[in-house]
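*Asks:* dropping the sequence and predicted coords here.
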Amino acid sequence: MTMTRGNTTTDLALEKHEAEMREAAARLKVLEADAKARQARADMEEIAGLAAMQARITRQIAELKHAAAQDYARTRADVEDSIDKLQTALKQLDARLAAWDEAADRRLNARLDKAEAKLALWKAQGDKRSAERGMKLHDELATLKETIALARARSAQAKHEQYSAKAQAALEEAALRFNEAFDLASTRYET
């Protein structure tokens with residue numbers, strides 16, 4: 001693929017290597033931005049090391065342009081080997097950071113699932129308390145209704161028995177229970 005070397009002809013292999021280094025530099029910037037966003041110091045240090053490697057390869061490519069014909073093949077092989085190592089390191093870092101992002105996403109989803117489960121639990125507990133309060137209120141109202149009916153019955157009985165001592169005592173007891181139930185209901189429902 002290499003054409004005749006000289007000042008006027010282009011070495012396509014060198015152009016390819018230069019493009020690979022521009023791509024590597026761009027990928028490093030993306031990885032660095034991701035690492036900064038996560039405040040991942042170790043990742044940023046690794047990226048800085050890869051950036052230094054990329055800069056060193058870029059210098060090697062520039063030197064390769066001016067290499068003597070006898071050194072050209074050896075130097076080119078060294079550059080290609082360095083590029084392969086850099087690309088492998090970038091792919092590994094990319095994969096590791098992607099795995100980290102997936103793990104962070106899984107953790108977030110797990111927390112969201114837990115929050116939804118807790119919300120359902122709290123709602124069920126609230127519904128239970130509401131039902132218990134409703135049952136208690138229903139019982140209080142039923143008790144009030146019963147005491148009203150009992151007091152009316154005792155009053156009618158006392159009238160029927162011409163207010164005997166026994167009928168009056170039962171009426172007083174019914175009136176006392178009615179007053180307690182009515183006061184409790186008034187306090188609960190009129191506030």
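*Replies:* In hand now; what should we look at? Numbers count the residues shown, from 1 in each chain.
*Asks:* for this structure, give me the ranges with low pLDDT.
*Replies:* When the per-residue scores of the chain are filtered using pLDDT under 70, the ranges that remain are 1-11, 39, 69-70, 191.
*Asks:* helix or strand: which one has Lys114?
*Replies:* Element membership of Lys114 [criterion: DSSP states H and E] is helix 69-160.
*Asks:* what comes up buried for whichever helix or strand comes after that helix?
*Replies:* Where DSSP H and E defines the elements, the next helix or strand beyond helix 69-160 is helix 165-189. Neighbour counts using 16 or more other C-beta atoms under 10 Å place Ala167, Ala170, Leu171, Ala174, Arg177, Phe178, Ala181, Ala185 of helix 165-189 among the buried residues. All C-beta spots, glycine's among them, are computed from the backbone N, C-alpha and C.
*Asks:* now do Asp81 against Leu171, distance only.
*Replies:* From Asp81 across to Leu171, the span is 110 Å (C-beta to C-beta, to the nearest Å).
*Asks:* one step back: tell me the one of the buried residues of helix 165-189 nearest Gly126?
*Replies:* Closest approach to Gly126 among these (C-beta to C-beta): Ala185, at 24.3 Å.
*Asks:* out of the buried residues of helix 165-189, which one sits closest to Leu14?
*Replies:* Each of the buried residues of helix 165-189 was checked against Leu14 using C-beta to C-beta; the closest is Ala185, at 95.5 Å.
*Asks:* what's the spacing between the closest one and Tyr163?
*Replies:* To Tyr163, Ala185 is 28 Å away according to C-beta to C-beta.
*Asks:* ditto for Ala151
*Replies:* Counting by C-beta to C-beta, the gap between Ala151 and Tyr163 amounts to 15 Å.
*Asks:* between the two, which has more neighbouring residues?
*Replies:* For Ala151 versus Tyr163, neighbours defined as other C-beta atoms under 10 Å are more numerous around Ala151 (21 against 11).
*Asks:* many thanks, we can stop here.
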